[in-house]
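In: quick one, fold the following:
(2 chains)
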2 protein chains.
Amino acid sequence: MLGEHVHGWEPLISRSPAQHAERGVDVRLRTEVVAIDTGRREVHWRERENGREGREGFDRLVYATGAGEFRPGLPGIDLGHFVYTPWQAQHLGEALPGVRHAVIVGGGYIGLEMAESLLRRGATVEMVARSPQVMRRTFDADMATHVQQALESDGVRVHCGTTLTGISAHGSRFIAHTEGATGPGEIETDLVVMGLGSRPRSGLAAQAGIPLGETGAVAVDHRQETRVEGIYAAGDCAEAWHRVQERWVNVHLGTIANKAGRVAGINLSGGEARFPGILGTAISRVCETEAARTGISETEAAALGIAVRSRQIESSTMAGYMPEATPMWVKLVAEEDSGRLLGGQIVGGPGAAKRIDTLAAAITGRLTVQDLIDMDLAYAPPFSGVWDPVQTAARVLV
Amino acid sequence: MLGEHVHGWEPLISRSPAQHAERGVDVRLRTEVVAIDTGRREVHWRERENGREGREGFDRLVYATGAGEFRPGLPGIDLGHFVYTPWQAQHLGEALPGVRHAVIVGGGYIGLEMAESLLRRGATVEMVARSPQVMRRTFDADMATHVQQALESDGVRVHCGTTLTGISAHGSRFIAHTEGATGPGEIETDLVVMGLGSRPRSGLAAQAGIPLGETGAVAVDHRQETRVEGIYAAGDCAEAWHRVQERWVNVHLGTIANKAGRVAGINLSGGEARFPGILGTAISRVCETEAARTGISETEAAALGIAVRSRQIESSTMAGYMPEATPMWVKLVAEEDSGRLLGGQIVGGPGAAKRIDTLAAAITGRLTVQDLIDMDLAYAPPFSGVWDPVQTAARVLV
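Out: Just a heads-up that it's a prediction; the model follows:
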């Protein structure tokens, strides 16, 4: 809604409390669960508005508390806008009129999407990122370069290797205080938007003795059941199995939450479902540039001690002679000995990034780079070259 | 180039004779091979312009004669424009100025793409298709309906179940004579464009004793070698293994020709390469509507005696609340007992059809419909719903 694509919240809400009620679901808003008694099979709740408390028994429980924004303890941090909840987004929306200059703190997905929204509204945007590249957690540096160049050509001034140290008020404006390679700095601005990622809300579970995993999120099995029988967890608050990393991770994406929630729902109501896990597939856009990734990056492979081969190629979103063709970069990561595809990253113009799904499907099928070359992918000049760019990347890698 | 995307031929030519020569390839244009002597390992050639003839010996030979348009023996057929070669396209291009009304004969890919080109130039277009649906050879009737509706809403008048019986001149215009359910008809027009498909050019091979397959195209193995040692064939003139149908087929697409040609080239030069086969993946567009297919259709499954389950769903190209979202239909075909995905068809607005590659990758990996549901596909509102439409289709099918 900040990007002016959508007006108000309503279109973003899948089901209202009334619609839930029609389906027999009793939704209690503004009611916080303050404790879970796993022995007595009860939750203790408190109504936020009047402080009224009570207990509710359960046979089975789903712990689906999601995640909250990461909020560093910096001076003046509350002067910045977080954009994690609809309420925060609304608050930011109210602050937007008159904003001519904005600072975005963080170079990840939230930072990218906020940059697009602010640019669309005509603001001048500066981005402050602590790491030496944007998209640090998900893209290799060589691929992130293309995203950064896109940001810059869209008019965003990107300060990598620069840390926010605090925010102060300055009349009706703000100053973002920073620390970079060249020492401390100050950026005067109308608005500071924080996009430093999110953390699982697993504290209540931990208090109740529901074990967390190494990631700090609630540990679950492939049925989404926690270590406490009959208590399930799903979504950003829970871990998920990474099918390439072969370990439990905690990735905050709606796709994962939806799939895991569905599996939890089937199992707790007596069915049998299994969530085999995730690839960490993600996609984003800043103006005309799209970026997506799946599986593991070269950086992640190195950290995990997996020997891989990896190459980046430049190609084109459609047949090169089409006037709408734009550059597109593809990077593939394959297991060194087997040639098995383990990951991919794509950056490019319209139509580039959703091709990541082809790679996600190939990884799911445990296919090799050679299988990708041989694959019968769709070609017509408005859609692709005769060899799809993901196949060109595979040919270069082989 | 007819669509005014591209000016002239040059951008469409990968390599000129001079560029080939630089790579040590002696290209002789306007020189026809009139016979192949497989015993003496010689080809007999004739220069088209001066009739000069000669022989050229070979150690290995690649038969890559491609395909030619299907030209039915109807009265006045030469008054129609075929659009198979660049020369034919150029001839048509010269005829286009002043065309205000055109008849397209054939409801397949060529017909669709010609419709777009003619609409872009402001012509009124009528399409005549013999079968009761458009896209008869590649799409099930229920999915072809969406393509036909798109054609009609773009202004094309579609006459299904109508056969061309001949073309006659009428002053500076033409009359397309037809035969339909309601009897014979006449359409007066400025231009008749023929899009009745293509046939492999395998006659020269057959004369030389190089065996053809049941499809009438040259029989090859997975190394692209014909039944005659050292003679390879690739492209539209040759058969290809269909990985779902599990039989040799003859499909005329640049993707297949490129892959098969590469395999032939590697093998004849002493390397080892194998072309595992095709899925018949194809994609097309008419104005804002995209259509793609892969694997087998429900109709093909019935003809092959394969028991399948199949369902069509309507979804949206991106999150439903995005203003650019357009309807998108997905049909999946899965093997009845195993649930293995065997085919898919997609019709929809911008961004819909290239998702067919996800299904092509899934079929290549021999994945099931359940695997597709579990798959970690990319989601962000400008790209997809939280469940990609191909997954929604899988959920409905399961």
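In: quick check: closest non-adjacent residue to A:G320.
Out: Leaving out its chain neighbours, the residue that sits closest to A:G320 by CB to CB, 6 or more residues apart in numbering or on different chains is A:G385, at 6.9 Å. (Each C-beta comes from the backbone N, C-alpha and C, glycine too.)
In: next one: phi and psi at that neighbour?
Out: Per-residue torsions, A:G385: phi -80, psi 170 (degrees, to the nearest 10).
In: number of residues surrounding it?
Out: Look at A:G385: counted by other CB atoms under 10 Å in any protein chain shown, it has 23 neighbours.
In: hmm, A:A319 and it touching each other?
Out: Yes - taking contacts as CB atoms under 8 Å, A:G385 lies within contact range of A:A319: 5.6 Å.
In: please name the residues that touch the spatially closest residue to A:E214 that is not a sequence neighbour.
Out: In this structure, A:E214 finds its nearest non-sequential neighbour in A:W248, 7.2 Å apart by CB to CB, 6+ apart. By CB atoms under 8 Å, 6 or more residues apart in numbering or on different chains, A:W248 lies in contact with A:G213, A:E214, A:T215, A:A219, A:E239, A:A240, A:W241, A:H242.
In: pLDDT at A:W248, what is it?
Out: Note on A:W248: pLDDT of 98.
In: confirm it sits in a helix?
Out: No - applying DSSP: H, G, I helix; E, B strand; the rest coil, one finds A:W248 to be strand, outside a helix.
In: mind checking how far it is from chain B?
Out: Distance from A:W248 to chain B, counting by CB to the nearest CB, to the nearest Å: 15 Å.
In: just list whatever residues bridge to that residue.
Out: Beta-bridge partners recorded for A:W248 (DSSP bridges): A:W241.
In: export the contacts of A:W248 to TSV and tack on neighbour count and pLDDT?
Out: Below are the contacts of A:W248 laid out as TSV (neighbours: other CB atoms under 10 Å in any protein chain shown; pLDDT from 0 to 100):
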residue	neighbour count	pLDDT
A:G213	19	98
A:E214	11	98
A:T215	17	98
A:A219	19	98
A:E239	25	98
A:A240	29	98
A:W241	16	98
A:H242	21	98
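In: now do the residue nearest to A:G320 against A:T255, distance only.
Out: 29 Å (CB to CB, to the nearest Å).
In: A:V244 now?
Out: For A:V244, the distance to A:T255 - CB to CB - is 16 Å.
In: just A:A334 next, same as before
Out: Distance from A:A334 to A:T255, by CB to CB: 24 Å.
In: same check, this time on A:R262
Out: Distance, A:R262 to A:T255, by CB to CB: 11 Å.
In: compare neighbour counts for the two and give me the winner.
Out: The residue with more neighbours, out of A:R262 and A:T255, is A:T255; 24 against 17, by other CB under 10 Å.
In: how is the closest residue in space to the more buried one that isn't next to it in sequence classified with respect to secondary structure?
Out: Beyond its immediate neighbours in the sequence, the residue positioned closest to A:T255 (CB to CB, 6+ apart) is B:Y379, lying 4.6 Å away. Taken by three-state DSSP, the conformation at B:Y379 corresponds to coil.
In: and for A:V244?
Out: Assigned with three-state DSSP, A:V244 falls in the coil class.
In: burial of it, as a residue count?
Out: 25.
In: then A:E53?
Out: For A:E53, using other CB under 10 Å, the count is 12.
In: A:W45 is in contact with that one, correct?
Out: Yes - using CB under 8 Å, A:E53 is in contact with A:W45, at 6.7 Å.
In: mutual contacts of the two, please.
Out: With CB under 8 Å, 6+ apart as the test, A:E53 and A:W45 both reach A:V34.
In: mind giving me the packing neighbours of whichever strand or helix holds A:S284?
Out: In this structure, A:S284 sits in strand A:282-286 according to DSSP states H and E. If you count contacts as 3 or more CB pairs under 8 Å, 6 or more residues apart in numbering or on different chains; DSSP states H and E, strand A:282-286 packs onto helix A:109-120, helix A:141-153, strand A:289-295.
In: adjacent strands (with direction) for it?
Out: strand A:289-295 (antiparallel).
In: in the following helix or strand past the strand it pairs with, what counts as buried?
Out: Per DSSP H and E, strand A:289-295 leads on to helix A:298-304 as the next helix or strand towards the C-terminus. Judged by neighbour count (16 or more other CB atoms under 10 Å in any protein chain shown), helix A:298-304 contains these buried residues: A:E298, A:T299, A:E300, A:A301.
In: do helix A:298-304 and chain B meet?
Out: No - Helix A:298-304 stays clear of chain B (CB under 8 Å from any CB of the partner chain), getting no nearer than 15.2 Å.
In: how many other residues sit next to A:G54?
Out: 11.
In: doesn't it lie inside a strand?
Out: Yes - per three-state DSSP, A:G54 lies within a strand segment.
In: could you tell me which residues make contact with the residue nearest to it when sequence neighbours are not counted?
Out: Leaving aside its chain neighbours, A:G54 sits nearest to A:W45 (5.7 Å; criterion: CB to CB, 6+ apart). Taking CB under 8 Å, 6+ apart as the contact definition, A:W45 lies against A:R28, A:T31, A:E32, A:V33, A:V34, A:E53, A:G54, A:R55, A:E56.
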